[in-house]
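**Student:** sequence first, predicted coordinates after that:
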Amino acid sequence: MVRRGDGYVELTVKVVPRSAKSEVVGAMADGSLKVKVAAVPEKGKANEAVCEVLARHFKVPVSRVTVIAGATSTRKRIRIDQ
């Protein structure tokens, strides 16, 4: 699911931690974005990796990518400020 606002975009993301490499895989049937990260889901490392992958994919600084919901889940809502 994608929600656009004034100067931001919110995405629903499905995260697959402990993958061979970190990358955006593509859209899933439910409209969420699938992201693989090599990081382990401990102490926020996977969340940081997700933000880095999405920042690189959307060509924005990492500081503009925030996990706004689902910090301890594989399903997350991500906000990207423009």
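**Tutor:** Received the coordinates, thanks.
**Student:** okay, now the spatially closest residue to G31 that is not a sequence neighbour: neighbour count?
**Tutor:** Leaving out its chain neighbours, the residue that sits closest to G31 by Cβ to Cβ, 6 or more residues apart in numbering is M1, at 4.9 Å. Quick note: C-beta positions are derived from backbone N, CA and C, even for glycine. By the measure other Cβ atoms under 10 Å, the count of residues near M1 is 11.
**Student:** equivalent analysis for the one 5 residues further on, please.
**Tutor:** In terms of burial, D6 registers 5 neighbours under the definition other Cβ under 10 Å.
**Student:** can you pull the phi and psi angles for it?
**Tutor:** phi -70, psi 100 (degrees, to the nearest 10).
**Student:** hmm, who's touching the strand ranked longest in the chain?
**Tutor:** Looking across the chain with DSSP state E, the single longest strand is strand 8-16. The contact list for strand 8-16 (Cβ atoms under 8 Å, 6 or more residues apart in numbering) reads 1-4, 25, 28, 30-37, 46, 50, 54, 68, 74-82.
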